[in-house]
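Novice: coords please:
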Amino acid sequence: MSVDKNMNVLIVDDYKTMLRIIRNLLRQLGFINIEEATDGSMALQMMREGNFGLVISDWNMEPMTGLQLLREVRADAKLKPTPFIMVTAESKSENVIAAKEAGVSNYIVKPFNAETLKAKMVSVLGEF
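Specialist: Model (predicted):
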């Protein structure tokens, strides 16, 4: 199955610069329907109201962290199958383990480039 580049992608980060960077990388990869949330609770509400083919979320956010968002998504029957990539500045093994236990699809450590993002997305979504 090929990946639909018209699918909705939700990027979640409380840092506007990071949202812009990820949006630009996604555009370079050919994705056009990109929505943004600045915290986990906003993202969760958007996911419940919309239909997203992929979520790319930062780990460190207030008041709801990326990990809490992931747990909420995985606990919701409708949202559970949504591919979820976590972005973090820390590569601590306990973080990776916690994210995996919560059901993360993949994990990206900052800084990263379009190639890294594409490789992670291909591993989660399939070739595009």
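Novice: Distance of the spatially most central residue of the chain relative to residue 18?
Specialist: Residue closest to the average C-alpha location in the chain (C-alpha atoms, centre = their mean): residue 56, at 1.3 Å. Separation of residue 56 from residue 18 (C-beta to C-beta, to the nearest Å): 10 Å. In short, each C-beta sits where N, CA and C put it, glycine included.
Novice: picking that back up, tell me who's in contact with the residue nearest to the centre of the chain.
Specialist: Listed by C-beta atoms under 8 Å, 6 or more residues apart in numbering, the contact set of residue 56 reads 9-12, 22, 26, 85, 87, 108.
Novice: And residue 10, by the same measure?
Specialist: Residue 10 touches 34-37, 43, 46-47, 50, 52, 54-57, counting by C-beta under 8 Å, 6+ apart.
Novice: change it to 7 Å
Specialist: By C-beta atoms under 7 Å, 6 or more residues apart in numbering, residue 10 lies in contact with 35, 37, 43, 46-47, 52, 55.
Novice: Please pull out the lowest mean pLDDT helix or strand from the chain.
Specialist: Lowest mean confidence among the helices and strands of the chain (mean pLDDT, DSSP states H and E): helix 93-102, at a mean of 93.
Novice: next structured bit after the helix or strand containing residue 57?
Specialist: Secondary-structure assignment from DSSP states H and E places residue 57 in strand 54-58. Proceeding N to C from strand 54-58, the next assigned helix or strand is helix 66-75, under DSSP H and E.
Novice: gap between residue 48 and residue 77?
Specialist: For residue 48, the distance to residue 77 (C-beta to C-beta) stands at 12 Å.
Novice: swap in residue 61?
Specialist: Here the criterion is C-beta to C-beta. By it, residue 61 lies 24 Å from residue 77.
Novice: Ok, residue 112 next?
Specialist: In terms of C-beta to C-beta, residue 112 sits 31 Å off from residue 77.
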